[in-house]
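got a predicted model here, sequence first, then my questions.
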Amino acid sequence: MKKIVISVALLLAGFSQHSFAQTSKDTEESSYEKRKLKLEEVNFISSYYHQDGNNSAVTGGIGSEALSDIGTSLDLRFTKYDWKNRQHTFNLDLNIDHYTSASSDKIDPLTVSSASKSDTHFYPSLSWNVNDSRTGITKGISLSYSTEYDYKSYGINLNFTKLSKDKNREFTVKGGAFFDTWSVILPLENRPSGYGTGAEGDRDPIAYKPRNSYNVAFSLSQVINKRMQVLAIVEPSYQEGLLSTPFHRVYFTDGTENVERLPGKRFKLPIGMRLSYFLGDRTIIRAFYRYYLDNWGMTANTINLEGTIKLNPYLSLSPFYRFNQQTAVKYFNPYGVNKSTSDYYSSDYDISAFNTNFVGTGFRIMPPNGVLGIKEFNSLELRYGHYTRTTGMVANIVTMAMKFK
């Protein structure tokens, strides 16, 4: 499923160390209050996503891809200062999605409802960042957990950022690892005797397989002048384990059938560049290009354009457009075209060759007295996006984001 991610920039502030050196009781109490943990910001995001198409991987590359998802995210940001005047930022991010999928119900077509017809995806995360304004260094760590009907995932990420003395250049390095366990849920006709369905309450055993992912990202941003800023980023990643989806069917040229089989290792290398240009006080243009390749034979080019247009100091529009073109991995073939003698095979159109277009706009309000006259209700944003793929898939997403400060 596609998700729109709305990121919130950290607001860095500082207190002079001079203030902490005062000896009066009132000043000491004031400094102590400033060091206490403070709820700085609350972000609430909710979205509705729906897609449809006719290339379901569950039924071998044909059949309905209808899927609906309702997602909700609550992000809480806390800040405090330590005795060295470093800012500590803690983020608690709670995310939950509930989806229904027509194609997933075909895993076991003889049952009223298979294990994956609908499910709830829960994925919280907790992060801690420390910023030292004197050195320009920010360091952080985050932990994440994710669970769905057929997998559990544990993740850890580390990050380091160095800001130049003139604050015109910033270098960031991030590294992460995710350790997943997948339930090997098989289509009905491919289950050995005594093999379970994976559905709740079924006591018959099923297999469990690992999938581990490791990634690192290097980025360098540079302010060119008062109107232009550029950023370059390289994000290599490596996966190992069960990289195929065991309930994806594949139908062969000889009329036989099996489940998807893909290599147990995959290396990915995205390289991107972003340019931000300020046309004045009212308009910002952002352009992003990414080139991608991996050792499965896929290459891709992505272009993203977005603008922010201030209609007045409190209202703004954010139109956007994204184009993506990718080639198929060397193991993909449509329904009935794969050969049973091949080592690897798939009919999942997500790894086929296609072009996509994603277009939409956002509308944001930031009244000086707060949304609906509520001072703490800082902003409200509504976004709509329409997605098309040359394979025939069509999707729409509506997102609402509220910020409280």
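Nice, thanks for sending it over.

which ones are touching residue 246?
By C-beta atoms under 8 Å, 6 or more residues apart in numbering, residue 246 lies in contact with 182, 184-186, 259-260. C-beta: built from backbone N, CA, C; applies to glycine.

at 7 Å instead, please
Contacts for residue 246 (C-beta atoms under 7 Å, 6 or more residues apart in numbering) come out as 184-186, 259.

most neighbours among those, please name it.
When these are compared by neighbour count (other C-beta atoms under 10 Å), residue 185 ends up highest, at 25 neighbours.

SS state for that one?
coil (DSSP: H, G, I helix; E, B strand; the rest coil).

isn't residue 371 right up against residue 382?
No: using C-beta atoms under 7 Å as the test, residue 371 is too far from residue 382 to be in contact (11.8 Å).

and stretch 123-137, what's buried?
Within stretch 123-137, the residues scored as buried using 16 or more other C-beta atoms under 10 Å are 123, 125, 127, 129, 131-132, 136.

just the ones in helices from the residues you listed, please.
Using DSSP state H, no member of the buried residues of stretch 123-137 falls within helices.

ok, so of those, who is nearest residue 86?
residue 132 (4.8 Å; C-beta to C-beta).

state the distance from the closest one to residue 170.
Separation of residue 132 from residue 170 (C-beta to C-beta, to the nearest Å): 14 Å.

name the element the closest residue to residue 92 other than its chain neighbours belongs to?
Of all residues not flanking residue 92 in the chain, residue 76 sits nearest, at 4.6 Å (C-beta to C-beta, 6 or more residues apart in numbering). In the assignment (DSSP states H and E), residue 76 maps to strand 67-81.

next secondary structure after that strand?
Criterion used, DSSP H and E; the element after strand 67-81 is strand 87-101.

list the contacts of that next one.
The contact list for strand 87-101 (C-beta under 7 Å, 6+ apart) reads 1, 10, 12-13, 67-82, 116-131.

list the buried residues for it?
Residues of strand 87-101 classed as buried by neighbour count (16+ other C-beta under 10 Å): 87-91, 93, 95, 97, 99, 101.

just stretch 350-363 next, same as before
Those would be 350-354, 356, 358, 360-362, for stretch 350-363 by 16+ other C-beta under 10 Å.

so where's the stretch 1-150 of the chain uncertain?
Within the stretch 1-150 of the chain, the ranges that satisfy pLDDT under 70 run 1-34, 105, 109-117.

which residue ranges of it form strands?
38-52, 67-81, 87-101, 118-122, 125-132, 137-148 (DSSP state E, counting those that start in this stretch).

show me what the last one is packed against.
In terms of contact count using 3 or more C-beta pairs under 7 Å, 6 or more residues apart in numbering; DSSP states H and E, strand 137-148 is assigned the packing partners strand 118-122, strand 125-132, strand 151-163.

can you redo the buried residues of strand 87-101 as CSV with distance to residue 324?
Converted to CSV, the buried residues of strand 87-101 look like this (distance: C-beta to C-beta, whole Å):
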residue, distance to residue 324
87, 37
88, 38
89, 33
90, 35
91, 29
93, 26
95, 24
97, 22
99, 23
101, 23
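
show me what the nearest residue to residue 363 once chain neighbours are set aside is bridged to.
Nearest residue to residue 363, sequence neighbours excluded (C-beta to C-beta, 6+ apart): residue 382, at 5.1 Å. Per DSSP bridges, the residues bridged to residue 382 are residue 363, residue 400.

residue contacts, residue 382?
So residue 382 contacts 362-363, 400 (C-beta under 7 Å, 6+ apart).
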